[in-house]
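In: all I have is the shape, not the residue letters:
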């Protein structure tokens, strides 16, 4: 049984798989109680002192084995999302900087070759941002 604020679930393990039940098992073999973040820490194999464990502690390893791959995948997705957001932000900032420079140069007596070069740079940066966003979206869909 997982007993967290706003989340009460029972899990039944049979044949190496877990089945999630919406009702609470009145006589669980193991009860894990605590905050949702504390329970996630325990499922990732971190310290157990942040939650209350009552029952057969050997079942905790079964629980971790079943759920750890999914949790690690989610954690990796979150890290990738953060990195992609930082990258997209940096690329947008660079594109804006180049666009501002084009504007500044076109208001004066800049030569046409410089303007064309800056426009080309903007197009390349825009393509890079779009490619990064596409990779980010594909990673989220997996």
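Out: Nice, thanks for sending it over. Predicted, not measured: the structure shown is a model, and the values here were computed from it.
In: please count neighbours and contacts with C-alpha atoms only from this point.
Out: Noted.
In: ranges for the helices of this structure?
Out: Counting by DSSP state H, residue ranges of the helices within the chain are 36-43, 58-107, 112-141.
In: and those helices, which one's lowest on average pLDDT?
Out: Here the lowest mean pLDDT among the helices of the chain goes to helix 58-107, at a mean of 65.
In: domains of the chain?
Out: 2-56, 71-141 (automatic domain parsing).
In: how long is stretch 19-31 end to end?
Out: End-to-end distance of stretch 19-31 (Cα to Cα, to the nearest Å): 16 Å.
In: let me redo that: stretch 26-39
Out: Stretch 26-39: ends 20 Å apart by Cα to Cα.
In: go through that stretch and flag the buried ones.
Out: Within stretch 26-39, the residues scored as buried using 16 or more other Cα atoms under 10 Å are 28, 30, 31, 32, 33, 34, 35, 36, 38, 39.
In: you'd agree the third one is up against residue 53?
Out: Read it as residue 31. Yes. Contact criterion Cα atoms under 8 Å: residue 31 and residue 53 qualify, at 5.8 Å.
In: how near is residue 14 to residue 43?
Out: Distance, residue 14 to residue 43, by Cα to Cα: 19 Å.
In: show me which of those two is the more surrounded one.
Out: Neighbour comparison, residue 14 and residue 43: the larger count goes to residue 43, with 20 against 8 (by other Cα atoms under 10 Å).
In: cheers, nothing more for now.
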